[in-house]
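Trainee: Pasting a predicted model and its sequence here:
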Amino acid sequence: MSVVSFLSAHPVVLFVVLLAVGGAVAVWVVRRRQATQWERVRAQGLRYALTQLDALHHREFEHAVRDLMRRDGCADAVQVGGAGDNGADVKATDPYGRRWVIQCKHRKAGLAGAAVGTPDLQVLNGTGRPVHKGDVVVLVTNGKFSKPAVDFARSQRLHLVDRTVLAEWASGSRPLWELLRAVPPARRPTPLS
């Protein structure tokens with residue numbers, strides 16, 4: 001007896017199977033929605049103190065920066081740092097359509113550590129826009145920048161996030177694009193515009 005003829009002879013079995021499959025799909029959908037909602041709530045509440053950031057390994061610091069970008073609405077934020085990263089540790093697209101390319105420089109000693117200098121910025125400047133197609137190119141550190149690095153960044157339209165700006169951003173006060181000066185205009189209209 002074929003399956004089709006069995007089911008046509010016993011329609012109750014077909015009904016029970018369809019009901020079970022429908023129930024399983026409904027449970028999966030509800031759980032998926034709950035997980036997505038919980039992730040959104042968790043991400044919106046994400047906060048870091050500088051002491052937490054200082055205690056991280058450099059790779060964990062990159063993940064923290066990625067998570068902060070996600071918290072602020074960059075759903076596609078991804079950590080890409082590692083060998084062959086071409087000067088980018090985090091890439092993201094903000095809600096305004098701007099592509100962010102972020103290099104992270106973690107200092108174990110925080111502010112007391114070595115200042116980030118121009119060589120790191122030169123690598124980022126050489127790849128941030130031409131290779132990674134970034135609209136906003138940023139170097140984030142839990143430390144400080146040398147004076148030549150600040151001057152170079154200004155001349156090349158690179159954005160610097162030092163310990164002070166990082167503390168404000170990580171505390172959850174505002175998204176990074178509201179804390180930086182001269183961020184390029186939105187690429188696409190938003191519900192707020």
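Mentor: Structure received.

Trainee: hey, let's count contacts and neighbours off CA atoms from now on
Mentor: OK.

Trainee: what about whichever strand or helix holds Ala26, average pLDDT?
Mentor: For Ala26, the host element (DSSP states H and E) is helix 11-44. Taken as a whole, helix 11-44 carries a mean pLDDT of 73.

Trainee: need the helix or strand of the protein with the lowest average pLDDT.
Mentor: Taking mean pLDDT, DSSP states H and E as the measure, the chain has helix 11-44 as its least confident helix or strand, at a mean of 73.

Trainee: Following element in sequence after the helix holding Ala26, please.
Mentor: Heading C-terminal from helix 11-44 (DSSP H and E), you reach helix 50-54.

Trainee: And that next one, what does it pack against?
Mentor: Other helices and strands packing on helix 50-54, by 3 or more CA pairs under 8 Å, 6 or more residues apart in numbering; DSSP states H and E, are helix 163-170.

Trainee: if we go to 10 Å?
Mentor: Helix 50-54 makes packing contacts with helix 58-71, helix 163-170 when contacts are defined by 3 or more CA pairs under 10 Å, 6 or more residues apart in numbering; DSSP states H and E.

Trainee: and Arg154, which of the ones you listed is closest to it?
Mentor: helix 163-170 (16.1 Å; CA to CA).

Trainee: Pull out the buried residues from the closest one.
Mentor: Neighbour counts over helix 163-170 (16 or more other CA atoms under 10 Å) mark Arg163, Val165, Leu166, Ala167, Glu168, Trp169, Ala170 as buried.

Trainee: Could you list the residues in contact with it?
Mentor: Residues from elsewhere that reach helix 163-170, judged by CA atoms under 10 Å, 6 or more residues apart in numbering: 46-51, 53, 64-65, 67-69, 72, 110-111, 140-145, 160-161, 171, 173-180.

Trainee: rerun at 6 Å
Mentor: For helix 163-170, the surrounding residues in contact (CA atoms under 6 Å, 6 or more residues apart in numbering) are Arg47, Tyr48, Asn142, Gly143.

Trainee: tell me the SS of the residue nearest to Leu14 when sequence neighbours are not counted?
Mentor: Using CA to CA, 6 or more residues apart in numbering and skipping the chain neighbours, the partner closest in space to Leu14 is Leu7 (5.9 Å). Recorded secondary structure, Leu7: helix (DSSP: H, G, I helix; E, B strand; the rest coil).

Trainee: what does Asp85 give?
Mentor: State at Asp85, reduced to three classes by three-state DSSP: coil.

Trainee: so Leu124 sits in a strand?
Mentor: No - applying three-state DSSP, one finds Leu124 to be helix, outside a strand.

Trainee: Relative to Thr127, how far out is the nearest residue to it once chain neighbours are set aside?
Mentor: Nearest non-adjacent residue to Leu124, counting by CA to CA, 6+ apart: Gly87, 5.0 Å away. Counting by CA to CA, to the nearest Å, the gap from Gly87 to Thr127 is 6 Å.

Trainee: more crowded one of those two?
Mentor: Gly87 (26 against 19; other CA atoms under 10 Å).
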